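Undergrad: need a structure here:
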Amino acid sequence: MFANNSSGKAYGLTLLCPIRNESREDRSYSEMLSEYLENLNADAQSPMAKVPNTYLARFYVLKDVFYQGHGFEEEHLKSKYLVFSSNFHGDRDDYVRGMWDSNEEEVRAIWQYCVDFKNVKTAKDFVDYIKRCQVDNVLFFNGSTDDSVAEQLKALYLKQEFTRFAYNNHGESPEELQQKFREFVESTRPEELKSPTWHPGNADP
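TA: Coordinates of the predicted model:
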């Protein structure tokens with residue numbers, strides 16, 4: 001089947017990582033992982049907000065497949081899976097290394113319940129592990145532009161700030177408006193991507 005994991009400079013990564021069929025204190029690893037994922041911070045406090053070039057990301061535990069009803073053979077998974085899906089800008093291996101380098105503690109906390117993850121010690125090990133768990137996408141739609149995340153965040157910031165500028169300076173004289181616009185450009189620094197800008201996961205810059 002034809003695999004389509006990229007669209008322009010965007011990449012769609014989908015992982016199925018089998019969870020160890022073990023338990024601790026009468027709680028299965030899949031249950032413990034589900035609870036951990038449910039309690040992860042969201043928005044700007046999400047661990048994935050730290051990972052460079054992330055457009056969006058999602059974790060969940062897949063416990064079984066959906067039974068389609070009469071006329072279909074009933075099937076069940078032999079294992080429960082940690083599912084991770086992410087859309088990001090750039091190369092897969094660079095992105096996965098970025099996950100490890102920026103978020104190793106959280107990566108270990110999430111994947112610790114998965115088969116063979118105990119052998120992952122370095123960023124390279126993590127890249128190799130992810131390759132083994134990857135499931136190719138048949139159809140991948142990039143819901144974003146081909147710009148880097150930094151460029152998109154800066155554009156969002158400038159859009160909001162310019163809207164405020166227009167609202168606050170409605171009715172000013174041409175001379176005053178020109179002076180205010182120069183101040184606006186100086187404060188927002190359109191050519192500088194890192195700062196000031198919109199921050200990942202925030203509803204406001």
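Undergrad: partner strands of the helix or strand of the chain with the lowest mean pLDDT, with direction?
TA: Least confident element among the helices and strands of the chain, by mean pLDDT, DSSP states H and E: strand 6-7 (a mean of 81). Partner strands and pairing direction for strand 6-7 (DSSP bridges) are strand 10-18 (antiparallel).
Undergrad: neighbouring contacts of the helix or strand just after the partner strand?
TA: Remark: after strand 10-18, the chain's next helix or strand is strand 23-24, criterion DSSP states H and E. Strand 23-24 is contacted from outside by 29, 32, using Cβ atoms under 8 Å, 6 or more residues apart in numbering. Every C-beta, even on glycine, is put in place using the N, C-alpha and C of the backbone.
Undergrad: now name the helix or strand holding residue 88.
TA: strand 81-89.
Undergrad: pLDDT of that strand, averaged?
TA: Per-region confidence: strand 81-89 scores 94 on mean pLDDT.
Undergrad: run the chain-centre distance for that strand.
TA: Centroid separation for strand 81-89 versus its chain: 7 Å, with Cα atoms, centre = their mean, to the nearest Å.
Undergrad: beyond it, next helix or strand please.
TA: Counting by DSSP H and E, what follows strand 81-89 is helix 92-111.
Undergrad: just give me the neighbour total for residue 198.
TA: Other residues near residue 198 come to 20 when the count uses other Cβ atoms under 10 Å.
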